[in-house]
Structure formats: structure tokens, C-alpha cells
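Engineer: take a look and give me a structure for this.
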Amino acid sequence: MDFNQKTLAKVLPSEKVQTIFDPATPALCLKITPAGSKCWYYVYRMGGRGTKQKWLKVGEFQAKGKQDVILPLNRAQELARTYRTKVDSGIDPAKEILEANTLGETIAGLAKKYKAEVLIKKSQSTQEGYGGSIDLHIIPGLGKLAVRSISRDQVMAWHSKIPYPIAANRALSVLRLMMNLAIDVWGMRPDQINPARKIERNDEQPRKRDVEMDELRAIGQAIRDLEGKHSLWALAAVHVAALCWGRVSEVLSLRRDKDVNLDGGYAILKQHKTVRKTGIRRLELPPAAVAILRSLPEQDGNPFYFPGRFRNRPMTRDGLHKTWMAVREKAGIEDIHIHDFRSLADSEAEDQGIAPAARAVMLGHTEATAKKHYTKARRVKEAAAMVSAPIARALEGKGPKKKR
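Structural biologist: Predicted coordinates:
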């Protein structure tokens, strides 16, 4: 059999472990298990024939059941030659790697470095989202493992154990970004292999939950019932999010000192989720939302309409979560998300015959990049007011009591 990458990739597992040595690179072999995994090993002795033979795992050639090659033949040969040079010099490569892993940076340390040097420069919503994945999943599940030795199998096992499919996929994406930096920028991974790459993600079904008008009435009543028991700013944030087309992060980022024009009924969003594709966005603030913003007291000079716990910082999504859960419980609704208010507004706009171009601009979707140039601001403003009117009435407990 020819010893080349294409041929090796086609070798099927058998009932027994197969060991195929590379004729061009002494001591390098490919081990194929009955389960179907294929791994490179460097086989050596630290001494003569009387010493124990050691098998040092070089890396995975091909994972079980996968067609993609992870560590190609040429790279495995380079590593094997490096190990041979060390053995000839009296250095045990396995012992050296073990010591380096013991002293090397852990995933927890990498996460800390990533937060301090990279994530801090991102938007508030990105910091919250990525930071949540790091704190809730990456550090608890992988934090003690060494960056230079963590394997693809370990990452796959960790990913499969996260009980929430979408959260698992988000955490995997963040880990992949961190490992890319560990390899390309910080030099923490000598084999130059990202163990978080080419791992099968969980299926994600698009979610669209239409909120019924009766549910809006229950939510509005819950907000009123919880006054004095929860932060007035948090309750107001839920109310405003239901009234306008903004994402939660966009609503929480509204500032008193700039970018918000209450008289004009709009806010200019210079930082938002799709800013790289759509540019600066205008968020329409319908009359009911403007009235709520005008009524909110200012907290200790904090420039945000919805102040957070820390000075000069807005309320975070996590900070809003407790109040939102209380509103849901009070309203007797278990499966609704704040983000579903955007779907409600879109459905209401569609029912009222508002043009798709205007709807895309109001929602800030990426496909709105071109549309916003020929969709007049006046029409968008009028459309937003039309859509928010029945929603505002329902939140106030008014309007016909029938389902959408």
C-alpha cells in the first residue's frame, strides 16, 4: 500500500487495531482503532532495546466517522522528525510535553487574556454574549485543561454535554475564536491545530414565536403589578422593548446625552449587532415609548436611560433577566422571550400591509443595507407609529380582547 494521505484516508477500520508505519519517516505510524479513529504516533525508546518502548501521540489524522483530515501527513512527519532530534539529544519528548503542559497556560488563563485584550474592545452586547459563554460553559467545562494539549475529543465531549443546543454552539464558536488567537497571535499551541475546528454543531431550528394580544395585556398588567417590587428602569426596559423594533441590547444602550431625539421620536444607533453590514441605524421610538423615556428619572448622572449597577454603564441583559422572568411568571407565560416582541412587530406590520423594505429597515436586518437608501424616513416613522399603536393599547389593557 502506498503511504500517502489519500490512501490512508480510505483505510477502513477492522476488528483489530491496525498500525501502519511510515517508510519515509522512521518511528512514525498511523494507528487505526476498530471504532474508526485514526491517530499519528511516534514510537521510540530512551536507551537501547532493553528500555521500554514509548508511544507518543502526535495528533489525530482523522476523527471517528469523519472524512476531514485534521493533521495531514506532511505535518505529522515534521513533528516526528522534531521528536527524533530530541531523542537523539537525550531529551524525552513525552516528558517535555508533560512538563510544558503542567506549566503552560490553561483554558481559564486563555479566557482571562482574551477578555482583557480582545473582548474589552467589542460592543457591550458582544461582551455580554461572549462573556456569558466563557463564564457559564468554557471555564467550568474546560478551564483546568492546558491550551497546548487540549484535544479535539475533549472539546467534542464538552460540547455534547452542554444541555442547551444553541448555547453549546455559541460556546463552541467562542472557544474556536480564542484558540485561533492562541495559535496565530500568542503562540500557545505548538502543533498549530485548533481542536475546536470542524466539530459538528447542534441543529438549530429558527424560532419565531408570535405573541398574542391577550398575552400582551397580561404582560402589561404584570408590569404594573410589579411596580415597587422590581427596578423601575428594568420594568420600563421591558415595556419599551415591546413597543419598538429594537433588539434588547439596542434598547438598553439608549443614552440621555447623545443619539436620542425624543422630540423627533428616534434614536441613532452607532453601535449595534449588524453595524458592520448596515452601518449606523435609526431606531424609531413611537409615542408610547417616548412617553416612558421622558418619565424615567436620571440615576446619579448616569447617561443611560436604563442604568446598570456600575457607574456610567447601562443595564446588562443579565441584569434585566430577573425582572423579565418575574414579568413572565406574573403574566402566566412560560415560553416567550423579549426578542419575540420583534417578531410580533414584524407580523403586525405585515398584517397592516407595510412594505417589506420599510419592515427590513425598521428591524435593522442585514438585507436592509440597500433598502434604507430609498425608504424615506417619514414613511418608516409613520409605519412604526401604526404598528406600535395596537401594541401600546394592549399593554395598557385596552382594545378588543381577541387573539391575533
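
Engineer: okay, CA-based contacts and neighbour counts for the rest of this
Structural biologist: Noted.

Engineer: low-confidence stretches in the stretch 1-150 of the chain?
Structural biologist: Along the stretch 1-150 of the chain, segments meeting pLDDT under 70 span 100-104.

Engineer: same check, this time on the stretch 251-400 of the chain
Structural biologist: Scanning the stretch 251-400 of the chain for pLDDT under 70 picks out 272-279, 366-377, 399-400.

Engineer: same thing but at 50, please
Structural biologist: Residues of the stretch 251-400 of the chain that meet the criterion pLDDT under 50 lie in 368-374.

Engineer: strands along that one, start to end?
Structural biologist: With DSSP state E, counting those that start in this stretch applied, the stretch 251-400 of the chain shows strands at 260-261, 266-269, 281-284, listed in chain order.

Engineer: list the buried residues of whichever strand in the chain runs longest.
Structural biologist: Counting residues, the longest strand found in the chain (DSSP state E) is strand 53-62. Buried residues in strand 53-62, counted by 16 or more other C-alpha atoms under 10 Å: W55, L56, K57, V58, G59, E60, F61, Q62.

Engineer: do stretch 333-353 as well
Structural biologist: Residues I338, H339, D340, F341, R342, S343, L344, A345, D346, S347, E348, A349 are the ones in stretch 333-353 that count as buried (16+ other C-alpha under 10 Å).

Engineer: hmm, back to that, ok, residues contacting the helix or strand following the longest strand of the chain?
Structural biologist: Next in sequence after strand 53-62, counting helices and strands by DSSP states H and E, comes helix 73-88. The set of residues external to helix 73-88 that reach it, using C-alpha atoms under 8 Å, 6 or more residues apart in numbering, is 4-5, 25, 27-28, 40, 42, 44, 46, 58-59, 61, 92-93.

Engineer: how about a cut-off of 6 Å?
Structural biologist: Contacting residues not belonging to helix 73-88 are listed as Q5, P93 [C-alpha atoms under 6 Å, 6 or more residues apart in numbering].

Engineer: quick one: buried residues of that helix?
Structural biologist: So for helix 73-88, counting by 16+ other C-alpha under 10 Å, buried means L73, A76, Q77, L79, A80, R81, Y83, R84, V87.

Engineer: with stretch 388-400 instead?
Structural biologist: Buried positions in stretch 388-400, judged by neighbour count with 16+ other C-alpha under 10 Å: S388, P390, I391, A392, R393, A394, L395, E396, G397.

Engineer: neighbours of the nearest residue to the first one once chain neighbours are set aside, how many?
Structural biologist: By the measure of C-alpha to C-alpha, 6 or more residues apart in numbering, the closest residue to S388 outside its immediate chain neighbours is L243, 5.6 Å from it. When neighbours are counted by other C-alpha atoms under 10 Å, L243 registers 29.

Engineer: can you give me the helices for the stretch 251-400 of the chain?
Structural biologist: With DSSP state H, counting those that start in this stretch as the criterion, the stretch 251-400 of the chain has helices at 275-278, 287-295, 317-331, 340-351, 356-363, 368-371, 377-395.

Engineer: and the next helix or strand past the helix or strand hosting L98?
Structural biologist: Using DSSP H and E, L98 maps to helix 93-103. Downstream of helix 93-103, the first helix or strand assigned by DSSP H and E is helix 107-117.

Engineer: which secondary structure state is assigned to C29?
Structural biologist: strand (DSSP: H, G, I helix; E, B strand; the rest coil).
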